[in-house]
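Q: sequence first, then the predicted structure:
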Amino acid sequence: MASAAALALTVLGTPVLAEDVSDGVTAALSARLFPMLDAVGHTPAAIERIAGTPEMSNVLAARRARRAACGADLVCRAQAMLWAPQEAAVLRRALGDETRLPTPDDGATAQAEREIAGINMIVRTYALGAPPTTAIDGPGTLSPQDQQSRLQAADWLSATPRAGSVQPLDPSIDYALALLDVSDRTDAIGHEPLTGGTNAAPTARARSLDWRRYRYGAMIVTGVGPEIAGEPLSPFGKYHIRLAAQRFARGDVAFILLSGGRAHPRATPFTEADEMRKALIERYGIPADAIISEPYARHTTTNLRNAARMLARLGMPADIETLIICNPMQSAYIESATFAERNMTELGYQPGRIVRRVSPTELVFRPSRASDRVDPRDPLDP
């Protein structure tokens, strides 16, 4: 029997299917990473308007010709999926002219720019071998045969009709989604719906909560991922939950919000927020409806960004303060100018404002609604 890699090298045709099919995983990933382009895919009239402008029509024709010229060269076809700066500018303007698409606080054009850059980032990292931002990201080490197999599968998938897709406009979005899928890097949807599962009880409590009864809306406990395979919770993580339990006992914090994803070490089966939650319940007797898990963050920057998103989703008023609880070294780093610069470099904004320091392990933090901006340039946690 021929291997998948051998088939990728020898089978050049793409089956033609009569009907679009729904794909729950790809649909969820599309909505999470590319909310604006995903909305276009569900609005045929928007696709027609965007594709029908002379400027966009010329760009799309040039992109089709570029892919066709590659023939069966899969690396060439991957390169042809990239949006050149001039092409991106045309698409950005076209999307900005649409008035009914999801728009964040910084506007439609800025969101369009992030989504186009996200496509390019995914293609470069997962198809063309560009190094990922950090060692815990990316497709991992692959043999040439496995890489070829993934490129062929992604190429076929991007050409196979999917219901609700923006494929009629351009296949690059579905190509990027397929690259993540065939690489088993669908991390961005691994805990959906975020208000269900272990978060169902705190979500229900938040609906009827009088937030102003509490001095702080939440205590954000940042993760410090383990670096040893098979270790569910790092030594610093154990210290963080002790701090959290001790602080929560005062009774002036509505929720403990635990932030940490499945990041360290690479390919770990443990989600840090889930492990911290278990420990708080089992070791310290903290009620389950007082603990919110934010299971996606992979960096300190996104610990705070994702916490801000989660609290907004739960309905915490924007003027209520929170606490950041962590070890003294990480706390000092979060308060530093270096961290503020890192936020601007990696996020493009500050996820909130440090109001004051309470102790070596406690900072008062006011989240920013800018944190709601979706950025697929980090496709594992956009």
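A: Perfect, I can see it now.
Q: strands along this protein, start to end?
A: 216-222, 253-259, 291-294, 322-325, 352-359, 362-367 (DSSP state E).
Q: let's have the ones you listed in JSON lines, adding mean pLDDT and distance to A244.
A: C-beta: built from backbone N, CA, C; applies to glycine. Putting those into JSON lines (pLDDT from 0 to 100; distance: least, Cβ to Cβ, whole Å) gives the following:
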{"stretch": "strand 216-222", "mean pLDDT": "98", "distance to A244": "5"}
{"stretch": "strand 253-259", "mean pLDDT": "98", "distance to A244": "5"}
{"stretch": "strand 291-294", "mean pLDDT": "98", "distance to A244": "9"}
{"stretch": "strand 322-325", "mean pLDDT": "98", "distance to A244": "5"}
{"stretch": "strand 352-359", "mean pLDDT": "98", "distance to A244": "13"}
{"stretch": "strand 362-367", "mean pLDDT": "98", "distance to A244": "11"}
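Q: closest one to P379 among those strands?
A: strand 291-294 (17.9 Å; Cβ to Cβ).
Q: related to what we said a few turns ago, turn the strands of the chain into TSV, including distance to A204.
A: Output for those, formatted as TSV (distance: least, Cβ to Cβ, whole Å):
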stretch	distance to A204
strand 216-222	16
strand 253-259	12
strand 291-294	12
strand 322-325	20
strand 352-359	26
strand 362-367	22
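Q: with distance to K238 and mean neighbour count added, can I get those in TSV?
A: What follows is these, written out as TSV (distance: least, Cβ to Cβ, whole Å; neighbours: other Cβ atoms under 10 Å):
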stretch	distance to K238	mean neighbour count
strand 216-222	12	27
strand 253-259	13	27
strand 291-294	16	27
strand 322-325	13	26
strand 352-359	19	14
strand 362-367	18	20
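Q: of those, which is nearest I119?
A: Nearest of those (Cβ to Cβ): strand 291-294, 26.0 Å.
Q: which other helices and strands does the closest one contact?
A: strand 253-259, helix 272-284, helix 300-313 (3 or more Cβ pairs under 8 Å, 6 or more residues apart in numbering; DSSP states H and E).
Q: out of those, which one sits most buried?
A: strand 253-259 (a mean of 27; mean count of other Cβ atoms under 10 Å).
Q: quick one on the thing from earlier: relative to V355, which of the helices and strands packed on strand 291-294 is closest?
A: Between the helices and strands packed on strand 291-294, helix 300-313 lies closest to V355; by Cβ to Cβ that is 13.2 Å.
Q: now do that closest one, average pLDDT.
A: The pLDDT scores in helix 300-313 average 98.
Q: pull the CA atoms of it into CSV?
A: C-alpha atoms of helix 300-313 as CSV (Å, rounded to 0.1, in the frame of the first residue of the first chain):
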residue,chain,number,x,y,z
THR,A,300,2.8,36.5,29.9
THR,A,301,1.5,39.1,27.4
THR,A,302,-1.4,36.9,26.5
ASN,A,303,-2.0,36.0,30.1
LEU,A,304,-3.2,39.5,30.7
ARG,A,305,-4.8,40.0,27.3
ASN,A,306,-6.8,36.8,27.5
ALA,A,307,-7.8,37.5,31.1
ALA,A,308,-9.1,40.9,30.0
ARG,A,309,-11.1,39.2,27.3
MET,A,310,-12.6,36.7,29.6
LEU,A,311,-13.7,39.2,32.2
ALA,A,312,-15.4,41.3,29.5
ARG,A,313,-17.2,38.2,28.3
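Q: relative to strand 352-359, how tilted is that helix?
A: 100 degrees (axes from the mean of the first three to the mean of the last three Cα atoms, to 10 degrees).
Q: no further questions, thank you.
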